[in-house]
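Participant: Below are the sequence and a predicted model for it; my questions follow.
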Amino acid sequence: MPARKKLLAAVQRAAEILRSGGLVVFPTETVYGLGADAESPAAVARIFAAKGRPADHPLIVHMARHDHLNQWSRDIPPAAFVLARRYWPGPLTLILHRACRVPDGVTGGQDTVGLRVPDHPLALMLLEAFGGGIAAPSANRFGQVSPTTVAHVREELGDAMDFILDGGPCRVGIESTILDLSGHQPRLLRPGAITLAEIEAVLEQSVISQGNDALRAPGMLRSHYAPRTPLYLVRTGLLKAEICWRIRQGQRIGVLAMPATQLPESCLRHHMPPHPAGWARELYAQLRALDQQALDGLLIEAPPSGADWQAVSDRLVRAASAHTALRF
Ligand code: TXA
Ligand code: MG
């Protein structure tokens with residue numbers, strides 16, 4: 001069968017599986033999702049079981065088009081339409097008051113729902129073929145690093161899914177920006193590739209940055225996105241001394257660093273790209289690869305403090321928090 005025909009057949013099969021209450025892993029531009037029919041409480045319950053995720057942590061509903069917004073939410077503020085037109089398909093999730101179509105199981109009983117249109121051809125083909133909304137979290141076990149390839153998904157979930165659509169490595173590499181538009185003022189719940197400054201410029205309005213009360217989203221738990229190996233975030237000026245000290249202690253160390261940073265040869269080291277988009281794209285794959293080396297610790301050079309680095313820094317701080325070992 002020619003490649004295109006094979007692809008269409010796979011998408012049709014995946015859509016049928018969704019219709020029959022099954023779980024489908026699919027690629028998005030950010031990370032892989034574990035999808036189910038958003039309107040089937042039984043199928044949605046299977047997602048929580050597969051991930052080991054507490055039931056009160058809501059799921060994002062993925063839609064085929066930005067003009068489906070009013071099928072899934074109500075009392076929609078003008079800002080939502082502006083952002084939807086500007087950024088969808090794309091790595092932005094909007095939190096809005098939910099329409100009655102959205103079951104309790106998707107929202108964890110909350111009155112709001114997270115919505116987004118993913119920017120990946122396979123995800124969009126699947127959504128079109130299925131015809132409904134797809135509820136999908138990242139396709140990893142609860143609290144673990146999100147998968148950016150199908151191999152990562154298999155490591156995480158084994159065969160808990162009924163079908164996998166393989167779209168290769170994800171382009172963005174970290175989860176979508178989440179913006180809560182259900183209150184009086186827009187509030188950033190999770191930084192991502194679309195930055196706070198970009199959203200403020202488009203809305204011509206200030207956005208509240210994430211606060212300590214934002215534990216509604218599990219991505220906001222301090223120790224989320226954590227590899228199993230202890231991870232330390234280290235300032236550039238201290239990195240070399242920290243590596244040498246640990247090596248002298250007999251530790252086996254893995255290091256991720258900026259391109260210009262010189263590193264001793266006696267550690268497992270990888271130079272990351274010089275820009276935040278490159279870090280985002282590689283970060284989870286590198287963390288996974290290092291996590292499999294049975295190392296005593298991962299040292300990560302703290303990236304620059306600029307606003308462009310907010311999303312990458314957020315994931316790194318959370319990964320480090322699991323081991324309460326920030327070296328600033
Ligand atoms: O890029 C992404 O957003 C990926 C891809 C697959 O779309 N999805 C993803 O889903 O990261 P998940 O479930 O791993 O993270 C979604 C976050 C969670 O922290 C969840 O609590 C939050 O979105 N969320 C969903 N609905 C919400 C709501 N109504 N209110 C507040 N937070 C919500
Ligand atoms: Mg997740």
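Facilitator: Received it, and whenever you're ready, just let me know what you need. Ligands and ions are numbered 1, 2, ... in the order given.

Participant: and the protein, which of its residues are near ligand 1?
Facilitator: Residues of the chain found near ligand 1 (C-beta under 6 Å from any ligand atom) are 28, 30-31, 33, 57-60, 91, 93, 95, 107, 110, 112-114, 118, 136-138, 175-176, 178, 189, 216-219. C-betas here are computed from N, CA, C, even on glycine.

Participant: Select from those every entry located in helices.
Facilitator: With helices taken from DSSP state H, the overlap with these comprises T107.

Participant: So which of the residues of the chain next to ligand 1 belong to strands?
Facilitator: Cross-referencing the residues of the chain next to ligand 1 against strands under DSSP state E gives 33, 60, 93, 95, 112-114, 136, 178, 189.

Participant: Make TSV from those residues and add neighbour count and pLDDT to it.
Facilitator: Written out in TSV, the entries for those read as follows (neighbours: other C-beta atoms under 10 Å; pLDDT from 0 to 100):
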residue	neighbour count	pLDDT
G33	30	98
I60	26	98
T93	25	98
I95	26	98
T112	20	98
V113	28	98
G114	29	98
A136	26	98
I178	24	98
L189	21	96
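
Participant: Listing request: residues of the chain with sub-threshold pLDDT.
Facilitator: Within the chain, the segments meeting pLDDT under 70 span 210-224, 323-328.

Participant: ok, T236 - contacts?
Facilitator: For T236, the contact set (C-beta atoms under 8 Å, 6 or more residues apart in numbering) comprises 258, 261, 301-302.

Participant: Give me the distance between it and A307.
Facilitator: For T236, the distance to A307 under the criterion C-beta to C-beta, to the nearest Å works out to 19 Å.

Participant: repeat for A285
Facilitator: In this structure, A285 and A307 are 25 Å apart, going by C-beta to C-beta.

Participant: which of those two has more neighbours?
Facilitator: Neighbour tally, A285 and A307, criterion other C-beta atoms under 10 Å: the higher count belongs to A285, 18 against 13.

Participant: Break down the stretch 201-328 of the chain into its helices, ranges please.
Facilitator: Per DSSP state H, counting those that start in this stretch, the stretch 201-328 of the chain carries helices over the ranges 236-248, 276-291, 310-321.

Participant: got the residue ranges for the strands in the stretch 51-200 of the chain?
Facilitator: Assignment of strands within the stretch 51-200 of the chain using DSSP state E, counting those that start in this stretch yields the ranges 60-62, 73-74, 92-98, 112-116, 134-136, 163-164, 177-180, 187-190.

Participant: Paired strands for the first one, with orientation please.
Facilitator: The sheet places strand 60-62 alongside strand 112-116 (parallel), strand 134-136 (antiparallel), with pairing taken from DSSP bridges.

Participant: Next: the second one.
Facilitator: Applying DSSP bridges, strand 73-74 is found paired with strand 92-98 (antiparallel).
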